[in-house]
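**Student:** one predicted model, sequence on top.
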Amino acid sequence: VTERKWWKDGVIYQIYPASFKDSNGDGIGDLNGILEELDYIKAIGVDTIWICPMYDSPQVDMGYDVRDYEKVYAPYGTVQDMERLIAETHNRGMRIILDLVVNHTSDQHVWFQESRSSKDSPKRDWYIWRPARYVDGERKPPNNWLGNFGGSVWQWDAGTEEYYLHLFCPEQPDLNWENAETRAAIYKSGMEFWLERGVDGFRVDTVNMYSKGDMVDAPITDPSSEWQFAGLQYCNGPRMDEYLNEMNRVLEKYDAMTVGECPNTPDMSRVIKYVSAKEKQLNMVFQFDVVDIGQGPYKFQTTPKNYKLPEFKAAIRRTQDLIRGTDAWTTVFLENHDQSRSVTRFTSDAPEHRVAGGRMLSLMMCALSGTLFIYQGQELGMTNFGLDWDMSEYKDVDSSNYASPHYKMVAQRSNNDPEALKAAKASLQHLARDHARVPLSWSTGPYNGFSPADSKVAPWMRVLDDASVCNAEQQQSDDTSVLAFWKHMLQVRREYNDLLVHGQFDDLDAGNEKVFVFSKTWQGKKAVAVCNFTDGPLALQLPAEVAMEKARLLVSSVEGAKEKELAAFEGRIYLV
Ligand code: TEU
Ligand code: CA
């Protein structure tokens, strides 16, 4: 049994500032827009908000390229606005966490400007510089690693004639965590500046990439490319424990919570070490098992829905089992700003199924153990935008850097074969990060209510075409909406907190390709959840033990649930 903490029972609502709400009509979401909607957020039943990077940034990667940790990106507001937002969040009895992006900075950060100014700069060693390799007289980067957004992870700096490392864009040079002075500066500027202003914790970006190991060539898995997948090398390097223990000593002073982003970590014992209470590293992590499903090593080369339900269930089991007999803690999430919409990915966004899909996923998530994360718009059941969007309307650097070259390559290799191009576009439309970044639909008004009605500037990104299908205003007054169901489920989750948030998870029918049936147990109490992942009705078959013990239906995600039949995308929870 693990110790109780506020963040374990917490429900955290993630806000993407650019796309949440534009208060002043410049087409870009802002901090005052968040302030205006704090009561809306509180009414959902969440108790903590997480703000994606709102720091000063040239926005090459939407703020994940920080120019100054101690300033706010001007279109979003000021440090004073942040102080007000922190105070107003706390006044409502909620907490607020920020995104801590300290694996890398922007190339415009003064630290990097100094580092690149000369080889003798006192900050030279704050980033990762290496000389070129020469192969047959030709200049080559130090190794063959493929970057997260395509291409080499190394960028040549003509001024000082060395390469610097960037696991993401060239405009995002990696900080050198091996240097103690750099780490101290990170803690002071990136963390303490905001902890002193009252933030309650951090979502820690790419936390497992701080220690890069010995940076030898990655094995060749894609012979057609010069650059090879190296995620298993630059993640979880040898000094991770040391760095996280040190970082934790800073956080401890403020009793701040952390949730670390943890891609490329299939080794469960490594995950457990990150989040085991006695290890004093992180409070919890986001494992990628669920969101990576069906994706393969090359994100935009997969076909939509190319996985079977048992794989999805197994991925959930891997996150739930983190707390089985350990002192660790886990998370529940299906969406964030890097993922497409869960209704589209895991259920169906067909008009007749969208509401049922959104409600069932809410029921499933609320029945799983761990800290629950909801991404803005997920509470409304927002879906992916359509196939009709033009490539130029995808704004994310991941889509343009990665998908467009891929699309061009497909075009070239297939000699513009329409079928091949259709498949490439379908993959992009299914998985692009852009779907999560579409401005939130608040109403059916101009700009879907995202910008003020009299605004002269269009939102920075295209809004969804028909907001009458799904918007916050309508759902607030509709008992059958996805939003109304989330509110109800969060109450249920609170009422049965021990069982649903802390209980032991067991998959009762792991091989079933249509239905997800799992139980939660806590000190002699038991709940069973049943979720129909198909788009048609199914005969209800409860596990024998449940049926015999006369289970009581606690909640169903559809109106007028039938006794012997599950509706399409219906979820239920029984108390046994
Ligand atoms: O993401 C890091 C990450 O490993 C992936 O989720 C990444 O977005 C994916 O490989 C791209 O297809 C974090 C942030 O969540 C993301 O938004 C940033 O772009 C990235 O770090 C760099 O800071
Ligand atoms: Ca604005």
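**Tutor:** Done, it's in. Residues are numbered from 1 along each chain as shown. Ligands and ions are numbered 1, 2, ... in the order given.

**Student:** closest point of the stretch 51-200 of the chain to ligand 2, which residue?
**Tutor:** As assessed by Cβ to the ion, ligand 2 sits closest to residue 75 within the stretch 51-200 of the chain, at 6.0 Å. Using the backbone N, CA and C atoms, a C-beta is placed for each residue, glycine as well.

**Student:** check the gap between that residue and residue 22 for me.
**Tutor:** To residue 22, residue 75 is 9 Å away according to Cβ to Cβ, to the nearest Å.

**Student:** between the two, which contacts overlap?
**Tutor:** 28, 30 (Cβ atoms under 8 Å, 6 or more residues apart in numbering).

**Student:** of these two, which one has the most company?
**Tutor:** residue 22 (26 against 18; other Cβ atoms under 10 Å).

**Student:** what about the helices in the stretch 201-350 of the chain?
**Tutor:** Using DSSP state H, counting those that start in this stretch, the helices of the stretch 201-350 of the chain run over 231-234, 240-253, 268-275, 309-320, 342-346.

**Student:** to residue 186, which of these lies closest?
**Tutor:** helix 240-253 (8.4 Å; Cβ to Cβ).

**Student:** which residues touch that closest one?
**Tutor:** For helix 240-253, contacts defined as Cβ under 8 Å, 6+ apart pick out 177, 183, 187, 191-192, 195, 201-202, 207-208, 210-211, 257-258, 273-274, 279-282.

**Student:** redo that, cut-off 10 Å
**Tutor:** Applying Cβ atoms under 10 Å, 6 or more residues apart in numbering, the contact partners of helix 240-253 are 100, 102, 177-178, 180, 183-184, 186-188, 190-192, 195, 201-202, 204, 207-211, 213, 237, 239, 256-258, 260, 270, 273-274, 279-283.

**Student:** are any of those buried, and which?
**Tutor:** The neighbour-count test (16 or more other Cβ atoms under 10 Å) marks 100, 102, 177, 183, 186-187, 190-192, 195, 201-202, 204, 207-211, 237, 256-258, 260, 273-274, 279, 281-283 as buried among the contacts of helix 240-253.

**Student:** among the residues you listed, which ones are in strands?
**Tutor:** 100, 201-202, 204, 257-258, 260 (DSSP state E).

**Student:** wait, which of the helices of the stretch 201-350 of the chain is closest to ligand 1?
**Tutor:** Ligand 1 lies closest, by Cβ to the nearest ligand atom, to one member of the helices of the stretch 201-350 of the chain: helix 231-234, at 8.0 Å.

**Student:** for that closest one, buried residues please.
**Tutor:** 231, 233-234.

**Student:** give the contact list for the residue nearest to the residue of the stretch 51-200 of the chain closest to ligand 2 when sequence neighbours are not counted.
**Tutor:** Spatial nearest neighbour of residue 75, chain neighbours left out: residue 28 (4.6 Å); criterion: Cβ to Cβ, 6 or more residues apart in numbering. By Cβ under 10 Å, 6+ apart, the residues touching residue 28 are 17-19, 22, 59, 73, 75-76, 439, 450-451, 457, 459-461.

**Student:** picking up where we left off before, would JSON lines of the buried residues of helix 231-234 with distance to ligand 1 be doable?
**Tutor:** Output for the buried residues of helix 231-234, formatted as JSON lines (distance: Cβ to the nearest ligand atom, whole Å):
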{"residue": "231", "distance to ligand 1": "8"}
{"residue": "233", "distance to ligand 1": "14"}
{"residue": "234", "distance to ligand 1": "10"}
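
**Student:** just give me the neighbour total for residue 78.
**Tutor:** Neighbours of residue 78 (other Cβ under 10 Å): 13.

**Student:** pLDDT wise, what is whichever residue of the stretch 401-550 of the chain sits closest to ligand 2 at?
**Tutor:** Across the stretch 401-550 of the chain, no residue is closer to ligand 2 than residue 451, which sits at 7.5 Å (Cβ to the ion). With respect to pLDDT, residue 451 scores 98.

**Student:** give me the buried subset of the contacts of residue 28.
**Tutor:** Buried residues within the contacts of residue 28, defined by neighbour count using 16+ other Cβ under 10 Å: 17-19, 22, 59, 73, 75-76, 439, 450-451, 459-461.

**Student:** quick one: which of the residues you listed sit in helices?
**Tutor:** 17-19 (DSSP state H).

**Student:** still on that earlier bit, is it true that the residue of the stretch 401-550 of the chain closest to ligand 2 touches residue 20?
**Tutor:** No: Residue 451 is beyond contact range of residue 20, at 11.6 Å (criterion: Cβ atoms under 10 Å).

**Student:** who touches both of the two?
**Tutor:** Looking at what touches both residue 451 and residue 20 (by Cβ under 10 Å, 6+ apart), the common residues are 29, 33, 439, 442.

**Student:** just checking, the first one touches residue 35?
**Tutor:** Spelled out, that is residue 29. No: contact criterion Cβ under 10 Å: residue 29 and residue 35 do not qualify, at 11.6 Å.

**Student:** tell me which of the two has more neighbours.
**Tutor:** The neighbour comparison of residue 29 against residue 35 (other Cβ under 10 Å) goes to residue 29, with 27 against 17.

**Student:** so what's that one up against?
**Tutor:** Counting by Cβ under 10 Å, 6+ apart, residue 29 has contacts 15-23, 54, 75-76, 376, 439-440, 450-451, 459-460.

**Student:** what do you get for residue 163?
**Tutor:** Counted by Cβ under 10 Å, 6+ apart, residue 163 has contacts 128-133, 139-143, 152-157.

**Student:** 8 Å - rerun?
**Tutor:** When contacts are counted by Cβ under 8 Å, 6+ apart, residue 163 is found next to 129-132, 141-142, 154-157.

**Student:** which secondary structure state does the residue of the chain found nearest ligand 1 sit in?
**Tutor:** Residue of the chain nearest ligand 1, by Cβ to the nearest ligand atom: residue 64 (3.3 Å). Here residue 64 is recorded as coil under DSSP: H, G, I helix; E, B strand; the rest coil.

**Student:** who's in contact with the residue most central in space within the chain?
**Tutor:** Closest to where the C-alpha atoms of the chain average out (Cα atoms, centre = their mean) is residue 336, at 3.2 Å. If a contact means Cβ under 8 Å, 6+ apart, then residue 336 has 14, 286, 291, 373, 375, 436 as its contacts.

**Student:** go again using 10 Å as the cut-off
**Tutor:** Neighbours of residue 336 in contact, by Cβ under 10 Å, 6+ apart: 14, 16, 50, 52, 203, 261, 286, 291, 373-376, 378, 433, 436.

**Student:** below-threshold pLDDT in the stretch 151-300 of the chain: ranges please.
**Tutor:** Residues of the stretch 151-300 of the chain meeting the criterion pLDDT under 70: 296-298.

**Student:** go on, the chain?
**Tutor:** Using pLDDT under 70, the chain drops low at 1-2, 296-298, 301, 402-404, 548-549.

**Student:** tell me, how many neighbours does the residue lying closest to residue 171 once chain neighbours are set aside end up with?
**Tutor:** Ranked by Cβ to Cβ, 6+ apart and with sequence neighbours excluded, the top spatial neighbour of residue 171 is residue 60, at 4.3 Å. A total of 17 residues lie near residue 60 under the criterion other Cβ under 10 Å.
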